[in-house]
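Asker: Need coordinates for the below:
(2 chains)
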Protein chains: 2
Amino acid sequence: MEYPELLTKRRSVRDYEDKEVPLDTVIQVINESCLAPSSSNGQPWRFVIVTDRAVIKRLSDESKRNLLREIERDTRSTSSRYEARLRDPDFNVYYNAPCLVFIAGPKDLRSIETDCALAAAYLMLSASDRGLATCWIGLGRFIEDEELRDLIGLSETDRIVAPVIIGYPKRIPAVPQRSGPEILKIVS
Amino acid sequence: MEYPELLTKRRSVRDYEDKEVPLDTVIQVINESCLAPSSSNGQPWRFVIVTDRAVIKRLSDESKRNLLREIERDTRSTSSRYEARLRDPDFNVYYNAPCLVFIAGPKDLRSIETDCALAAAYLMLSASDRGLATCWIGLGRFIEDEELRDLIGLSETDRIVAPVIIGYPKRIPAVPQRSGPEILKIVS
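Answerer: Predicted coordinates for the structure are as follows:
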């Protein structure tokens, strides 16, 4: 797809066809995401692919549990706005998508958040270029349970930065109103 | 450009033609970067455009000064590997590019690093789609001097996440060897 068209087709989608994403396609998309730049070309990103729906459900429950704990500890937490949904046992933070990719890396690396976000941007664009859709699930990264972390191959030193769901979209929503860019200053 | 081609054309470039980038083009590129997704669609990114070369030089000197201070305080700082270059008065961290864009936002926002990195990924791809080249300058974000921050419109509560230089590349280097993606686990 031409890039300007791709820019409008890459939309955050939470409603997917009941259709598996071929593993080969997911791996191609991940390969392309590794063409993103990274701090000092460190390429510190690591990937986990989960397509087992029972495991995705367990990960959703675990992330919800930890978020609710955070809200209980600190009622001013920015996650509080999601409390009602997090308490709904039927709410799956990954929206029952057929595929979940975690982008993670060493938590003590200063650039890990930005490096993984760059890979995530590439991953989401590459998926859209193949007729897939994605959504970065900010509520889905709070996986602390050791057994679950073992199951998905995360070590103690890894931090999940970007949980991204992938699937075939039921429809691609139109680009909503965007604020114009806030340009603080032009020094020319 | 078709996206797969753009993926290989977007390369970090530090050597530019001595040719200004039209301000309109920079603003178009910034507009497109705002199509990136952001946490809860918060679009917290703010932009500063600097094309005044004397100001770019002052910003470079300021960032170098603060980095050297950090290295002196903590010799194990990851910035230490750049110490020799930082001590070279002729080294401009922004590589004498004709245009510098800062992507910044509220430092107390939990998602500010990832939100701005997503916008930066889009900005770098959009620039490449127009025959421009870019480089994210990690060493260029340490601007603390109040007078300089005022000059570029940054408030005390803003954090610079992504300094990105933009210009017309002398040449676009080939894609270097990339590590294959490290896939920690496939749970299917």
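
Asker: switch to C-alpha atoms for all contacts and neighbour counts from now on
Answerer: Will do.

Asker: So residue A:48 versus residue A:114, what's the distance?
Answerer: Between residue A:48 and residue A:114 the distance is 18 Å, computed by C-alpha to C-alpha, to the nearest Å.

Asker: Would you mind telling me which of those two has the busier surroundings?
Answerer: More neighbours surround residue A:114 than the other of residue A:48 and residue A:114, with 24 against 20 (other C-alpha atoms under 10 Å in any protein chain shown).

Asker: Let me know the next secondary structure element after whatever helix or strand that one lives in.
Answerer: In the assignment (DSSP states H and E), residue A:114 maps to helix A:112-129. Tracing the chain past helix A:112-129, the next element assigned as helix or strand by DSSP H and E is strand A:133-136.

Asker: Give me the next element, helix or strand, following that following strand.
Answerer: Going down the chain from strand A:133-136, the next helix or strand is helix A:146-151, by DSSP H and E.

Asker: Measure how far that following helix is from the centre of its chain, please.
Answerer: For helix A:146-151, the separation from the chain centroid amounts to 19 Å (computed by C-alpha atoms, centre = their mean, to the nearest Å).

Asker: What angle do helix B:112-129 and whichever helix or strand comes after it make with each other?
Answerer: Per DSSP H and E, helix A:146-151 leads on to strand A:158-167 as the next helix or strand towards the C-terminus. Relative orientation of strand A:158-167 versus helix B:112-129 (axes from the mean of the first three to the mean of the last three C-alpha atoms, to 10 degrees): 60 degrees.

Asker: Tell me which residues are up against strand A:158-167.
Answerer: Contacts of strand A:158-167 with the rest of the structure, by C-alpha atoms under 8 Å, 6 or more residues apart in numbering or on different chains, involve A:16-17, A:19-21, A:94, A:97-107, A:112-113, A:116-117, A:120, A:127, A:132-138, A:140-142.

Asker: what do you get if the cut-off is 7 Å, keeping everything else the same?
Answerer: Taking C-alpha atoms under 7 Å, 6 or more residues apart in numbering or on different chains as the criterion, the residues outside strand A:158-167 that touch it are A:16, A:21, A:94, A:97-107, A:113, A:116-117, A:120, A:132-138, A:140-141.

Asker: which residue packs closest to residue A:66, ignoring adjacent ones?
Answerer: residue A:142 (6.2 Å; C-alpha to C-alpha, 6 or more residues apart in numbering or on different chains).

Asker: So which residues on chain A come close to chain B?
Answerer: A:1-3, A:7, A:30-31, A:34-35, A:39, A:46-52, A:113-114, A:117-118, A:121, A:138, A:152-153, A:180-188 (C-alpha under 7 Å from any C-alpha of the partner chain).

Asker: Which ones among the residues you listed map onto helices?
Answerer: Among the residues of chain A next to chain B, the members falling in helices are A:3, A:7, A:30, A:31, A:113, A:114, A:117, A:118, A:121 (criterion: DSSP state H).

Asker: So which of the residues you listed is the closest to residue B:146?
Answerer: residue A:114 (25.6 Å; C-alpha to C-alpha).

Asker: what's that closest one in contact with, if anything?
Answerer: For residue A:114, the residues meeting the contact criterion (C-alpha under 7 Å, 6+ apart) are B:113, B:114, B:117.

Asker: next one: residue A:60
Answerer: For residue A:60, counting by C-alpha under 7 Å, 6+ apart, the contacting residues are A:92, A:93, A:94, A:140.

Asker: what's the closest of those residues to chain B?
Answerer: Of all these, the one with the least separation from chain B (C-alpha to the nearest C-alpha) is residue A:140, at 12.2 Å.

Asker: Verify the stated contact: the closest one with residue A:63.
Answerer: Yes: here residue A:140 reaches residue A:63: they are 5.6 Å apart, a contact under C-alpha atoms under 7 Å.

Asker: Looking at those two now, which is surrounded by more residues?
Answerer: Neighbour comparison, residue A:140 and residue A:63: the larger count goes to residue A:140, with 26 against 22 (by other C-alpha under 10 Å).

Asker: Pipe the contacts of residue A:114 into a markdown table and attach pLDDT per row.
Answerer: Output for the contacts of residue A:114, formatted as a markdown table (pLDDT from 0 to 100):
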| residue | pLDDT |
| --- | --- |
| B:113 | 98 |
| B:114 | 98 |
| B:117 | 98 |
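
Asker: In CSV, list those residues along with distance to residue B:70.
Answerer: Putting these into CSV (distance: C-alpha to C-alpha, whole Å) gives the following:
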residue, distance to residue B:70
B:113, 20
B:114, 24
B:117, 23
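
Asker: Give me the neighbour count for residue A:69.
Answerer: By other C-alpha under 10 Å, the burial measure for residue A:69, its neighbour count, is 11.

Asker: Repeat that for the one 3 residues further on.
Answerer: In terms of burial, residue A:72 registers 13 neighbours under the definition other C-alpha under 10 Å.
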